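In: sequence and predicted structure below; questions after.
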Amino acid sequence: MLWHLGNTTIRTPYRLRDALIALQASSLNGNLIGREKESELTLLLHEAGVAEVARITREEEGDEPVDYSDFGRKWRSALTKLGFITQKFGSRIQPGQIDPVLTPVSAQIPELSGKPYEITPSGHRLIKSEVIAGQQECFLRALLAIRLPSVIEDRFECTPFSPLKYVIDILFELKNREEEVYLSFEEIALFVITSSPDEGLNTIVDTIVSFRQRRAAAAGSVRAFDREEYSDAVLKNDPDLDADKIRMKSQTLDDYADCTLRYLKATGLFRSRGRGISLNPIKEELAQLIHDEQLTALSDTEYLIRFYSGAQLPTDNPDSARQVVTDLTRRIEAKGVTVAPLLADEDVDNKRFVLEQQLTQIEEEEYYRKQPEELEDILAWMNALLNRPAVLSNGEKPIIPRAEGPAYFEWAIWRAFLAINSLVNKPWEARRFQIDQDFLPVGTAPGNGPDMIFEFADAILVVEVTLTSSSRQEAAEGEPVRRHVAKYAEQQGPQGKAVYGLFIAINIDSNTAHTFRTGDWYLKDDSKINLHIVPLKLEDFFKLLQFGNGKLPQMPEAIQSMLLKCRAQANQDAPTWKRTISTIIDQIVANKNP
């Protein structure tokens, strides 16, 4: 047996929401049968910026037309696997036809017509969820609704089980045995996704505990031990495989484990522990309630209704929700913060959401205070963005997930300014992108505003970053960056704090630098304000941050001095100004004195 959650092509669950938003606004909602429509979905996702499809880009640049329908099929499959769009069950169903399997389902769910590949109530709930906490609850309801095998995925020969609950049950059994309550990446790959509850929860946990003991006692390299364990796991089902096939199937175990872990963490119930997971303390009481529930048998129609609507959560019950409120209150007060008691007539769900946000913000404050100690790791992430070798303090390499470079760019710069540790505004006020329970980015900052806003005692720094290069950079960033800086400059007025714009890119196009040289901006009343924007290469910002190691309290003044020096040379031609900016950074670093 080998199962996994999600889709190995779309390993970042949060991208599915963007795909649903694009699908909802198109003619493809409920109209995705056939290669032509699959190709249209690919083009839709490409044009909406959900996914960059290299084959389309090459075609746009003059290459011969190619078939990219497979890309649309993979995204469609990802959406059906989580119940965000309906499945096509009948092989002969034509576009526009009702699928007989969906007829009794649509009779119970008025929002559905019975056509395949139509956005479900669960999908619409995700579309409407703008904040990360709401999106995580959507993923929790979606994953809790999944059972294997089912009418959706019937290739397994075992008693139907909930993969999500199975993982939770294993963690609580480890807790009952007073073992460390986590699952490593290797344990997920070797033992969790290769089993089901039919094998016995105690048996699986026995195997995991034994693995930990043998790994800890292994002589020589842990990697060699792991390779042997992977080989044994693969050969157990097929003893005649050669070395190449063993490596290939071992990679499949890793791919499925990686995908499963990402989707599990998207529920908010888990936190990263190394490459594995542990329970998220904020959600531990909810996990306990899920653990305590018993699965009930469902007919195919009942299953699909639940699958497309999203599972009920224990917190939908007021008594269970009060249990979670009590647990959150205890955790907050353990951090020295007093919580007002839940009143008899108070909305328990609203109280739960407020307390979850309060505890999350307390933890983000704690994360903020740790950043000065993690400067070397922040620099390592910047090296990764620059495609240079890098190692984190835990010995692992910083890996930026595919297609998430822009989000990790914003995140690394945000962490850099948190490390400077002189902000007047809160860490969550300084970023416009969202982060998960591990403080990792789940997407880029939305439009109609800057990526980040850092307020210091005597200045405000409006920061924008981009991986875009060449002349496209100026077209995409020139006007928005100036507009965003102008907004804050106008708000501050002549007597307010100085406002600066900092634009950071891997490389600065000369047309972008030219746009920022004068930086003038006309307000609605035709009055003109001067903008102080400096375009900076990431390499130069890296040097400046590295220089600040050991003297972080002096960095706000050093950065403001750097911005003034760079603006003083803005009368130069753009190519010369770019070189001058780099020279100014080099001089600051060489002087070894902010």
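Out: Good, I have the coordinates. On a predicted model such as this, the values are computed, not experimentally measured, just so you know.
In: ranges for the strands of this structure?
Out: Secondary structure of the chain by DSSP state E: the strands cover 182-183, 270-273, 276-279, 452-455, 459-466, 498-505, 520-522, 528-530, 533-537.
In: mind giving me the packing neighbours of the shortest one?
Out: So that's strand 182-183. helix 163-176, strand 276-279 (3 or more Cβ pairs under 8 Å, 6 or more residues apart in numbering; DSSP states H and E). The C-beta positions use only the backbone N, C-alpha and C, and glycine is treated the same way.
In: what's the closest of these to residue 29?
Out: helix 163-176 (27.4 Å; Cβ to Cβ).
In: that older thread, now distance to residue 85, mean neighbour count and mean pLDDT too, for the strands of the chain, in CSV please.
Out: Converted to CSV, the strands of the chain look like this (distance: least, Cβ to Cβ, whole Å; neighbours: other Cβ atoms under 10 Å; pLDDT from 0 to 100):
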stretch, distance to residue 85, mean neighbour count, mean pLDDT
strand 182-183, 30, 20, 98
strand 270-273, 26, 19, 95
strand 276-279, 27, 20, 96
strand 452-455, 35, 22, 97
strand 459-466, 32, 24, 96
strand 498-505, 37, 23, 96
strand 520-522, 44, 13, 90
strand 528-530, 48, 12, 91
strand 533-537, 42, 24, 97
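In: for the ones you listed, which one sits closest to residue 118?
Out: strand 270-273 (30.8 Å).
In: name the strands paired with that closest one and say parallel or antiparallel.
Out: With DSSP bridges as the test, strand 270-273 is paired with strand 276-279 (antiparallel).
In: contacts for the strand it pairs with next, please.
Out: Here strand 276-279 makes contact (Cβ atoms under 8 Å, 6 or more residues apart in numbering) with 171, 181-188, 261, 264-265, 269-271, 287.
In: now the two most distant members of the residues you listed.
Out: Greatest spatial distance in these: 186 and 287, 22.2 Å, computed using Cβ to Cβ.
In: flag the shaky bits of the stretch 301-450 of the chain, pLDDT-wise.
Out: By pLDDT under 70, the stretch 301-450 of the chain has no low-scoring segment.
In: and with 80 instead?
Out: Scanning the stretch 301-450 of the chain for pLDDT under 80 picks out 402.
In: can you show me the helices along it?
Out: Assigned by DSSP state H, counting those that start in this stretch, the helices in the stretch 301-450 of the chain fall at 318-333, 348-370, 375-385, 405-420, 427-430.
In: so what's the closest residue to residue 477 other than its chain neighbours bridging to?
Out: Counting by Cβ to Cβ, 6 or more residues apart in numbering, residue 466 is the residue found nearest to residue 477 once chain neighbours are left out, at 5.6 Å. Counting by DSSP bridges, residue 466 forms beta bridges with residue 505.
In: residue 466 touches residue 505, doesn't it?
Out: Yes - between residue 466 and residue 505 a contact is recorded at 5.1 Å, counting by Cβ atoms under 8 Å.
In: identify the contacts common to those two.
Out: Going by Cβ under 8 Å, 6+ apart, residues that sit against residue 466 and also against residue 505 are residue 473.
In: tell me the domain boundaries of this structure?
Out: 15-309, 367-591 (automatic domain parsing).
In: okay, these in a markdown table with distance to residue 333 next?
Out: A markdown table is the format used below for the domains of the chain (distance: least, Cβ to Cβ, whole Å):
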| stretch | distance to residue 333 |
| --- | --- |
| domain 15-309 | 14 |
| domain 367-591 | 20 |
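In: so which of the ones you listed gets nearest residue 355?
Out: Taking Cβ to Cβ, domain 15-309 is the member of the domains of the chain nearest to residue 355, at 9.1 Å.
In: related to what we said a few turns ago, need the helices and strands packed on strand 182-183 in TSV (columns: distance to residue 529).
Out: Listed next are these as TSV, based on distance: least, Cβ to Cβ, whole Å:
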stretch	distance to residue 529
helix 163-176	53
strand 276-279	49
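In: rewinding a little: deepest-packed of the helices of the stretch 301-450 of the chain, please.
Out: Stretch with highest mean neighbour count among these: helix 405-420 (a mean of 23; mean count of other Cβ atoms under 10 Å).
In: which residues touch residue 300?
Out: 101, 150, 151.
In: please apply the same query to residue 48.
Out: 18, 21, 22.
In: any of these buried? List them.
Out: 18, 22 (16 or more other Cβ atoms under 10 Å).
In: can you flag which of the contacts of residue 48 belong to helices?
Out: Of the positions in the contacts of residue 48, 18, 21, 22 sit in helices, assigned by DSSP state H.
In: so the first one sits against residue 25, correct?
Out: To tie it back to what came earlier, the one meant is residue 18. No - using Cβ under 8 Å, residue 18 makes no contact with residue 25, being 11.4 Å away.
In: mind checking which of the helices and strands packed on strand 182-183 is nearest residue 340?
Out: Among the helices and strands packed on strand 182-183, strand 276-279 sits nearest to residue 340 (Cβ to Cβ), with 26.7 Å.
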